[in-house]
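Participant: My questions are about this predicted structure, shown below with the sequence.
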Amino acid sequence: MLDPILPNPGGKSQPLLRTMLRTMAFLIYLKITLSSTALPSFRIGDSYHNILNSYLVEREKMEKQFGIDRTVGSVPRHLLSYTLPMLLGNLIQVGYSLVNTIWVGHLVGENAVGAVGVSLPIFFMLVGFSMGITMATTILVSQYYGAKDYKMVEKAVDTSFSLSIVLGLALSIAGIFSSDTVLRWVGTPPENFTLASSYLKISLAGFVLLYLGFLINSILRGIGDTLTPLAFMATGIGLNIILDPFLIGGFGPFPKLGLNGAAYASVISQAAALIISIVYLNRKSHLIAFHPPRLLLDGHMSSMIFKIGLPSIVQQMLVWIGALFITTFVNFFGSAATNAFGAVARVDMFAVMPAVSMSMAVSALTGQNLGARKPERVKEIFKWGVIMISSLTLLVSVMAVFFSELILKMFGLGSDLAVMRIGVHYLRIVGSCYIFFAVTFISNGVINGAGHTFITMIFSLLSLWFIRVPGSWFLSRKTSLGITGIWISVAFSFLFVMVISLGYYYSGGWKKDAMIKTPPVVPVIE
């Protein structure tokens, strides 16, 4: 059979040209094979046209079946299509958190709200560790996916699952045994301590489930899929919202568990969402399906994950260790301050979620485009990311500043005027500065997507340990500002980290030394 792309007038053959093209096609095939890109088997005698066509068909099939190629097309459209499902998922998550706090505040009381607020920094220190590992996986998966290297995608996924199971169990056990010590260390008020201790231990018992759920969602986002994680998240949160009032208040046949009921509802819903996600991916024979026989730790891939993830882990841990210090400073001012801080922390979570979602989108798009050798598109990713997140965050700031009393009353805090006064003062100072950390998340997203997670770790270290923590201690203890000094330090740290992050982005340092080397793009003979 004649090769259709070569004219053959009069039935005459072109033996020399055919031999050269077959040789070139075979060399391309060998190079692709050595770079671990998925290819079907070929015989040396096959025509160059069959080799290239089979490769391109296989690659197109993989792209259509698993993930979305975001290295071509409109950058704003990709940012929106990536961010909106993830933002909706995060808003659902935060919305659940708000509903949970409302149930706790009305059914258990203000001390229970304070107990949750004290527990959050401790629990989220471990969440920060897991997010560092999953961020590394997202970066590697997005770059390998952008480079069309599906074998390496699978290797990164399998190794990440293995690490997550081992580390998740270890962190759960360590957290349970050390939780009371940490609660005492941060100066938890006696009226909050017992509630916080039991709530935290139950939550930590289910931490490995949350960790694995984070991992699956992060991997899917690395290949550009944000709709599937949204479905998994909505399922778990929907179940959680249903269980909350029954387990907290003891409605119907359920026992009245109080604050512990909220923790049990979270663990049960996390387990259900994880089981559903694993079953779904395995039945679809998905590229990132969970296969226990493949759960072997690849040494090189593990080192890559830790090389990228360790700075992010340290960064996340520093953030929450810093939050522990801030909580300690707040607790110094009594249970009214503790209860108010527990409520406004939930508002902060709501405010930060759009920026977190957009930052993940920026990181994934940056990784895919750098993997595909298209660094010129990153400038557009940054520009549109800043425009979009600034518009949304300014709206959130307006709500926090001008409707602060209404927001706090939703948490059942209106009965104590001291709690209300502290919470309103916080939101009017810190809420007006949300725009600073929102822009920081975008520039850090580009830097992380390029693999330079150590740089963003340094930014967090400087912001926390040179501005926020010492500033909060000095202004609250050594001046007449009192607790207001803590709020001022938090707000100023947002501005500080934005300035240094933007400075590094505009310096272009993030463009150097991409974390992975991409194989050359296979030429299409036309």
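Facilitator: On my side now, so go ahead.

Participant: thought residue 291 was touching residue 162?
Facilitator: No. Assessed by Cβ atoms under 8 Å, residue 291 is found out of contact with residue 162, at 11.0 Å. (Glycine included, C-beta is placed from N, CA and C.)

Participant: Comparing those two, which shows the higher neighbour count?
Facilitator: residue 162 (18 against 13; other Cβ atoms under 10 Å).

Participant: what's the distance between the more buried one and residue 406?
Facilitator: For residue 162, the distance to residue 406 equals 48 Å [Cβ to Cβ, to the nearest Å].

Participant: what sits up against stretch 434-442?
Facilitator: 351-352, 354-356, 358-359, 362, 382, 385-386, 389-390, 392-394, 396-397, 400, 459, 491, 494-495, 497-498, 501-502 (Cβ atoms under 8 Å, 6 or more residues apart in numbering).

Participant: Of those, just the buried ones, PyMOL syntax please.
Facilitator: Entered in PyMOL, the line below selects the buried ones among the contacts of stretch 434-442, by 16 or more other Cβ atoms under 10 Å:
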select buried, resi 351+352+354+355+356+358+359+362+382+385+386+389+392+393+396+397+400+459+491+494+497+498+501+502
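
Participant: Which ones among the contacts of stretch 434-442 map onto helices?
Facilitator: Among the contacts of stretch 434-442, DSSP state H puts 351-352, 354-356, 358-359, 362, 382, 385-386, 389-390, 392-394, 396-397, 400, 459, 491, 494-495, 497-498, 501-502 in helices.

Participant: low-scoring stretches of the stretch 301-450 of the chain, by residue?
Facilitator: For the stretch 301-450 of the chain, the stretches flagged by pLDDT under 70 are 411-415.

Participant: in it, which spans are strands?
Facilitator: Per DSSP state E, counting those that start in this stretch, the stretch 301-450 of the chain carries no strands over any range.

Participant: Tell me where it has helices.
Facilitator: Using DSSP state H, counting those that start in this stretch, the helices of the stretch 301-450 of the chain run over 335-371, 376-402, 404-409, 417-430, 434-449.

Participant: tally of neighbours for residue 395?
Facilitator: By other Cβ under 10 Å, the residues close to residue 395 number 12.

Participant: Name all residues that make contact with the residue nearest to residue 271 when sequence neighbours are not counted.
Facilitator: Closest residue to residue 271 apart from its sequence neighbours, by Cβ to Cβ, 6 or more residues apart in numbering: residue 209 at 5.2 Å. Residues near residue 209 by Cβ under 8 Å, 6+ apart: 267, 270-271, 274.

Participant: same check, this time on residue 509
Facilitator: So residue 509 contacts 452, 455 (Cβ under 8 Å, 6+ apart).

Participant: where does it fall, phi/psi-wise?
Facilitator: Main-chain dihedrals, residue 509, degrees, to the nearest 10: phi -60, psi -30.

Participant: Relative to residue 132, how far out is it?
Facilitator: From residue 509 to residue 132 the distance is 21 Å (Cβ to Cβ).

Participant: One more: residue 85?
Facilitator: 23 Å.

Participant: Which one's more surrounded, these two?
Facilitator: residue 132 (24 against 21).

Participant: on that earlier part again, so where does the residue nearest to residue 271 fall, helix or strand?
Facilitator: Residue 209 belongs to helix 207-222 when elements are defined using DSSP states H and E.

Participant: does residue 267 really touch residue 207, like I thought?
Facilitator: No. Applying Cβ under 8 Å, one finds residue 267 not in contact with residue 207, separated by 9.1 Å.

Participant: Which one of these two is surrounded by more residues?
Facilitator: Remark: of residue 267 and residue 207, residue 207 carries more neighbours, 23 against 18, as counted by other Cβ under 10 Å.

Participant: rewinding a little: will you turn the contacts of residue 209 into JSON lines that also has pLDDT?
Facilitator: Below are the contacts of residue 209 laid out as JSON lines (pLDDT from 0 to 100):
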{"residue": "267", "pLDDT": "91"}
{"residue": "270", "pLDDT": "89"}
{"residue": "271", "pLDDT": "93"}
{"residue": "274", "pLDDT": "92"}
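
Participant: In helices, which of those fall?
Facilitator: Residues of those located in helices (DSSP H): 267, 270-271, 274.

Participant: Tell me where the model's unsure across the stretch 51-200 of the chain.
Facilitator: By pLDDT under 70, the low-scoring segments of the stretch 51-200 of the chain are 51-73, 93-98.

Participant: Show me the helices in it, by range?
Facilitator: Remark: helices assigned in the stretch 51-200 of the chain by DSSP H, counting those that start in this stretch are 75-107, 110-146, 150-185, 190-205.

Participant: Pipe those helices into a markdown table and attach distance to residue 226 per row.
Facilitator: Below are those laid out as a markdown table (distance: least, Cβ to Cβ, whole Å):
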| stretch | distance to residue 226 |
| --- | --- |
| helix 75-107 | 4 |
| helix 110-146 | 12 |
| helix 150-185 | 17 |
| helix 190-205 | 26 |
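
Participant: Contacts only, for the residue nearest to residue 179 when sequence neighbours are not counted.
Facilitator: What sits nearest to residue 179 in space, not counting adjacent residues and going by Cβ to Cβ, 6+ apart, is residue 200, at 4.8 Å. Shown in contact with residue 200 (Cβ under 8 Å, 6+ apart): 119, 122-123, 175, 179, 183.

Participant: Quick check: residue 200 vs residue 481, distance?
Facilitator: 31 Å.

Participant: sorry, back to before: can you say which of the helices of the stretch 301-450 of the chain is nearest to residue 230?
Facilitator: Proximity to residue 230 (Cβ to Cβ) singles out helix 335-371 among the helices of the stretch 301-450 of the chain, at 10.8 Å.

Participant: tilt between that closest one and helix 75-107?
Facilitator: 160 degrees (axes from the mean of the first three to the mean of the last three Cα atoms, to 10 degrees).

Participant: how far does helix 335-371 sit from the chain's center?
Facilitator: Helix 335-371 has its C-alpha centroid displaced from the chain centroid by 9 Å (Cα atoms, centre = their mean, to the nearest Å).

Participant: swap in stretch 76-94?
Facilitator: Put simply, stretch 76-94 sits 12 Å off its chain's centre (Cα atoms, centre = their mean).

Participant: tell me which residues in that stretch are buried?
Facilitator: Those would be 78-90, 92-94, for stretch 76-94 by 16+ other Cβ under 10 Å.

Participant: Could you double-check that residue 419 sits in contact with residue 110?
Facilitator: Yes. Using Cβ under 8 Å, residue 419 makes contact with residue 110 at a distance of 6.8 Å.

Participant: and the residue nearest to residue 444 when sequence neighbours are not counted, what does it touch?
Facilitator: Leaving aside its sequence neighbours, residue 444 sits nearest to residue 456 (Cβ to Cβ, 6+ apart; 4.7 Å). Contacts for residue 456 (Cβ under 8 Å, 6+ apart) come out as 311-312, 315, 444, 447-448, 501.
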